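Undergrad: Curious how this folds, go ahead:
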Amino acid sequence: MTTNTTTGRGAGPHGPRLNWSEHAPEVFKAMLRLETAAKKGLDPALVELVKIRASQLNHCAYCLDMHITDARKAGETEQRIYFLSAWEEAAEAYTEKEQAALALTEAVTVLTDGFVPDTAYERAAAHFEDAELAQLIALITTINAWNRFGVTCRLTPESLK
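TA: Model prediction:
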């Protein structure tokens, strides 16, 4: 994730609040390293689907803009991007493995509903080897952290600048 260049604070209800990466550069660098490590060995298309879905759930417009753009550049179809917010209704657009990853993404992202259900974890475990599953969990955790920075600081999506 990159950050915008706005340095203003309290820019209003919809404007950027803080360029956190400028004021916490070591944290930003650590997040970049974490993201690189988290996605290692995972299918790039799956990585973007997970990032988009978590960003939808977290209402992070900045990350949505970035990862939809990245998914398109990586060859993801418009249809699969459009259906992602309702992937269970359009299950035939996604592989079983992708569906399992998306279910786990939702369970980890929406912890306010309780713990990650065994069914979501076991579904993912059936499609991912242990090392790959550990990477997937790290990826989901990482995008959720990026989303929290983006939403809290109200980062402006690149396409709206």
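Undergrad: gap between residue 43 and residue 115?
TA: Taking Cβ to Cβ, to the nearest Å as the measure, residue 43 falls 27 Å from residue 115. All C-beta spots, glycine's among them, are computed from the backbone N, C-alpha and C.
Undergrad: quick one, which of these two is more surrounded?
TA: Neighbour count, other Cβ atoms under 10 Å: between residue 43 and residue 115, residue 43 has more, with 14 against 9.
Undergrad: what's that one sitting at in phi/psi?
TA: Backbone torsions for residue 43, taken as degrees, to the nearest 10, come to phi -60, psi 130.
Undergrad: mind listing what it touches?
TA: The contact partners of residue 43, by Cβ atoms under 8 Å, 6 or more residues apart in numbering, come to none.
Undergrad: which SS class is the residue positioned nearest the centre of the chain?
TA: Nearest residue to the geometric centre of the chain (Cα atoms, centre = their mean): residue 51, 2.4 Å. With DSSP: H, G, I helix; E, B strand; the rest coil as the basis, residue 51 sits in helix.
Undergrad: That one: what's it in contact with?
TA: Contacts of residue 51 (Cβ under 8 Å, 6+ apart): 63, 67, 70, 139, 143.
Undergrad: I'd like to know how far it sits from residue 75.
TA: Distance from residue 51 to residue 75, by Cβ to Cβ: 16 Å.
Undergrad: need the helices for this structure, in chain order.
TA: For the chain, the helices defined by DSSP state H occupy 20-23, 25-38, 44-57, 61-73, 78-83, 96-109, 118-125, 130-153.
Undergrad: Residue 159: which of those is closest?
TA: Closest approach to residue 159 among the helices of the chain is made by helix 61-73 (5.2 Å; Cβ to Cβ).
Undergrad: I'd like to know the average pLDDT value across the closest one.
TA: For helix 61-73, mean pLDDT rounds to 96.
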